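Asker: give me the fold of what follows.
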Amino acid sequence: MSNGNIFVGETIGTAILILFGAGVCAAVTLRYSKAQASGWVVIAFGWGFGVLAGAYTAAPLSGGQINPAVTLGIAVDTGEWDKVWVYLLGQMAGAMLGAVLCYLTYFAQFQANKRQTGTTPGTAQEPVPTIGIFSTVPEIRHPVANLLTEIIATVGLVLPILAFGLTEGLGQSGTLVLIVSLLVVGIGLSLGGPTGYAINPARDLGPRIVHSFLPIPDKGTSDWGYAWIPVVGPLIGGALAGLISNAAF
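Answerer: Numbering: from 1, shown residues only. Below is the predicted model of the structure:
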């Protein structure tokens, strides 16, 4: 694969991933959305379908890694590092592009995100904090626990992906992407509760950067004090998965 193909594939694939993933979070979170308050199960499946669409789209050009933790895990496992920087650049560019596309899709709803006084006492509606649409927010702020959650969940993603790659014909048949998409849904349902399961540094950091610049009324903080955890945790988890795979298989 050429560097150009890798960059284009990862940019497009990651943009689709974030458009679907941030999109489902916006749909569940924002006022005047038909999916408002539909819950965590909807979010988990939305992210899984985002992986499905993004990885399938990117696969012919780049292999469809769309996640720096996966890229790092593969590099640690195989010892092939020469293309890693191209994958990372494409993934970050795509994550930021996907966040912008999500904002444009829900533009009217974001513009309506402001305090509304209501017509009778007690009917005021407060603005919705919007960082959770774009990036992860822990339910309990405990840096060590949050970091461990992201490490464990990312090992739970990357190690099976590396093992799936050892099954002859799985990648060629196209079934691999479908299985990984279901794996992401499973991680969201089982391990996503504490932190919102970033398990992908670009997925969290790229949209967080975009959120800090977007002109969303009363958008709230971009929460930069927490931002290192969904970057460092998945990278550690990806590296550990690569080491385990290399030693075990």
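
Asker: any idea which helix is longest in this structure?
Answerer: Selection of the longest helix in the chain by residue count, based on DSSP state H, yields helix 3-29.

Asker: and the next element down the chain from that helix?
Answerer: Following helix 3-29 in sequence order, the next helix or strand is helix 40-62 (DSSP states H and E).

Asker: buried residues in the helix or strand that comes right after that next one, which are they?
Answerer: Using DSSP H and E, the helix or strand that follows helix 40-62 in sequence is helix 68-78. By neighbour count on 16 or more other CB atoms under 10 Å, the buried set for helix 68-78 is 68, 69, 70, 71, 72, 73, 74, 75, 76, 77. Bear in mind the C-beta positions are built from the backbone N, C-alpha and C, glycine included.

Asker: what about helix 68-78, average pLDDT?
Answerer: Over the span of helix 68-78, the pLDDT mean works out to 97.

Asker: what's the pLDDT at residue 214?
Answerer: Residue 214 is assigned 96 on the pLDDT scale.

Asker: burial count for the closest residue to it other than its chain neighbours?
Answerer: Counting by CB to CB, 6 or more residues apart in numbering, residue 103 is the residue found nearest to residue 214 once chain neighbours are left out, at 5.5 Å. Other residues near residue 103 come to 23 when the count uses other CB atoms under 10 Å.

Asker: for residue 166, same thing?
Answerer: A count of neighbours around residue 166, defined by other CB under 10 Å, yields 9.

Asker: which strand or helix spans the spatially most central residue of the chain?
Answerer: Central residue of the chain (CA atoms, centre = their mean): residue 203, 3.6 Å from the mean position. Secondary structure assignment for residue 203, by DSSP H and E: helix 201-213.

Asker: any idea how far that helix is from the chain center?
Answerer: Relative to the mean C-alpha coordinate of its chain, helix 201-213 is positioned 10 Å out (CA atoms, centre = their mean, to the nearest Å).

Asker: packing partners of it?
Answerer: When contacts are defined as 3 or more CB pairs under 8 Å, 6 or more residues apart in numbering; DSSP states H and E, helix 201-213 packs onto helix 3-29, helix 68-78, helix 84-105, helix 131-134, helix 229-248.
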